[in-house]
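Participant: Sharing a model prediction with you, sequence too.
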Amino acid sequence: MSAATYASIKQRIDELADELIEVSHAIHANPELAFKEFFACETLTTTLDKHGMAPETGVFTLETAFEAQIQGNAEGPTVAILAEYDALPGIGHACGHNIIATSALGATLGLQAVAEHLPGTVRLIGTPAEEKGGGKELMARAGAFAGVDAAMMIHPAGVNLASMPCICVAEVEVIYHGRSAHASAMPHKGVNALDGLLLAYQAISNLRQHIRDSERIHGIITDGGLAPNIVPDHTSGEFYVRAANEADLAKLKPRVQACFEAGAKGSGCEVEVNWANVDYLDLNTNWPLADQFRDHAEALGREFVPFEEAVKFGAGSTDMGNVSYRVPSIHPMLAVAPPNVVIHNPEFEKWAGSEKGDLAALDGAKALALTAADFLLSSGLQNEAKRAYDVSQGLT
C-alpha cells in the first residue's frame, strides 16, 4: 500500500476524531445489556447514515445487529470489521465495548476515504450480545460470515497484545424444584430446593480440585428462596464452564452435569439443567494478520507485551473465537488502563470513558483500517493469511 493511501486513512480518522469520541462517550454513558443495545445500534447507524454509508439494521436474525458496506473499485476479497456494544450488568462498559464499537466505526470511515483505491469489499458488522448469548455465533449460523476472507476487531485491556489469550466457555442455568413448607412447624413436609443447589455447588467446588489448570467452573445463585421460615421450593443458579479447547470442553460439561444431578438426588428435588444454545470457542488467531496489526499499532507509538508472557496471566472468552474457526480472524487488545486494572471491574469502566480510552479507540481505528487495506491490496498477505488458517484447521 502506498504511503499516500496510509496517510489518507489516518488523516480521515483524525478529521473525525471529535465525532468518534462523542460516539464512544455516548455509548459509554448509556450501557445496554445483550440483545437490548438499541441506543448503541441507533447511535452507530445514524453516524454511518450521516457519512453516506446506508446501514441495514436487524440483520442476520438479531434486532440490534447492523451492517454497512464499502464496495471497492474492482472484484477482490472481503474484509469484515466487527463492532461490539453490549455492556455488563451493574458495572456498565467495564469491558470497554464502547471502544470496540468506535474503533470499528472509525476504521470503516477511514477506509471510505480511499475506497476508489481498494479492490474488494469492506463490511462493518455490528454484532450484539458478546457478553452473554453468543451473538456472533447466532449471526454466523444465519450466514453473516459467508464470503468473508478475513475478520477483525480490537478489544480494550490494560496492556497492548497482538491477540487475546482465550479459552472456550459454556453457559448453563440450573433450576431446582422442591416443596415448600413452614421451616419451623413442618420442616418434614418440605423438600428443600436450596439444599439441591448448595449440594451441587459444593460438588462443583470439589470437582475444581481435579480439573486442568486451563479449565474453570464458576457460578452464582440467582434465586435462593423467599424467606428463612419457608422451605424453598424453587432455586436457580447460573454457571460458566471453561476449557482450553472445544474437545476439552465437551469432556468437562458432563462432569458438571453430574454435579447438578447429584444435588437433586441428595436433596430429593427435581432439577432442570439448561445449557446455552451457544458455546464460545477459543481464539484461532491468524498470526500473519495479527503481526500486521501490531506493526501498525507500534508505528502509532504503542508497545506490545509478548503474547507468550500474556498467556501466563489467565484467559477470558469471546464469541469472536467462533468467527475465528470460520474465517481468518484477529482480536488484538489495546491498553486503555494501567496494567493492574483488569476488565470486568468497576475501575475499568472509568478508564473506558477516559482520554486514554479515547486514544485507544482512535489508534484502534487506524491500525484496523491499515491492516484491512493491506489485506485487500496485497495478494501476498491474503495468501499468507489463508495458508495460516488452513494449517490451523488441518487442511494442509
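Facilitator: Looks like it came in fine.
Participant: so how far is stretch 218-236 off the chain centroid?
Facilitator: On the basis of Cα atoms, centre = their mean, to the nearest Å, stretch 218-236 sits 31 Å off its chain's mean C-alpha point.
Participant: Can you give me the end-to-end span of that stretch?
Facilitator: Stretch 218-236 has its terminal residues 14 Å apart, counting by Cα to Cα, to the nearest Å.
Participant: buried residues in it?
Facilitator: By neighbour count with 16 or more other Cβ atoms under 10 Å, stretch 218-236 contains the buried residues Gly219, Gly225, Val231, Pro232, Asp233, His234, Thr235, Ser236. Every C-beta, even on glycine, is put in place using the N, C-alpha and C of the backbone.
Participant: Same question for stretch 121-134.
Facilitator: Residues of stretch 121-134 classed as buried under the neighbour-count rule (16+ other Cβ under 10 Å) are 121-134.
Participant: average pLDDT for stretch 49-69?
Facilitator: Here the mean pLDDT over stretch 49-69 is 97, rounded to a whole number.
Participant: on that earlier part again, need the max-distance pair from the buried residues of stretch 218-236.
Facilitator: With distances taken as Cβ to Cβ, the most widely separated pair in the buried residues of stretch 218-236 is Gly219 and Val231, at 22.7 Å.
Participant: Of the buried residues of stretch 218-236, which belong to strands?
Facilitator: Among the buried residues of stretch 218-236, DSSP state E puts Gly219, His234, Thr235, Ser236 in strands.
Participant: Turn the residues you listed into a markdown table, including pLDDT.
Facilitator: Supplementary listing: these in a markdown table, determined by pLDDT from 0 to 100:
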| residue | pLDDT |
| --- | --- |
| Gly219 | 97 |
| His234 | 98 |
| Thr235 | 98 |
| Ser236 | 98 |
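Participant: what about Gly90, neighbour count?
Facilitator: A total of 8 residues lie near Gly90 under the criterion other Cβ atoms under 10 Å.
Participant: hang on, it is in a helix, isn't it?
Facilitator: No - note on Gly90: no helix contains this position according to DSSP: H, G, I helix; E, B strand; the rest coil, which reports coil.
Participant: So which residues make contact with the lowest-mean-pLDDT helix or strand in the chain?
Facilitator: When each helix and strand of the chain is scored by mean pLDDT, DSSP states H and E, helix 307-310 comes last, with a mean of 83. In this structure, residues lying in contact with helix 307-310 by Cβ atoms under 8 Å, 6 or more residues apart in numbering are Val159, Leu161, Ala162, Ser163, Pro165.
Participant: Go ahead and confirm the last one touches Ala315.
Facilitator: Yes - the pair formed by Pro165 and Ala315 meets the contact definition of Cβ atoms under 8 Å, at 3.9 Å.
Participant: Show me where this protein has its helices.
Facilitator: Using DSSP state H, the helices assigned to the chain run over residues 3-15, 17-29, 38-50, 97-112, 135-141, 193-207, 246-267, 287-299, 307-310, 320-324, 346-352, 355-377, 379-392.
Participant: Out of the ones you listed, which one sits most buried?
Facilitator: helix 97-112 (a mean of 29; mean count of other Cβ atoms under 10 Å).
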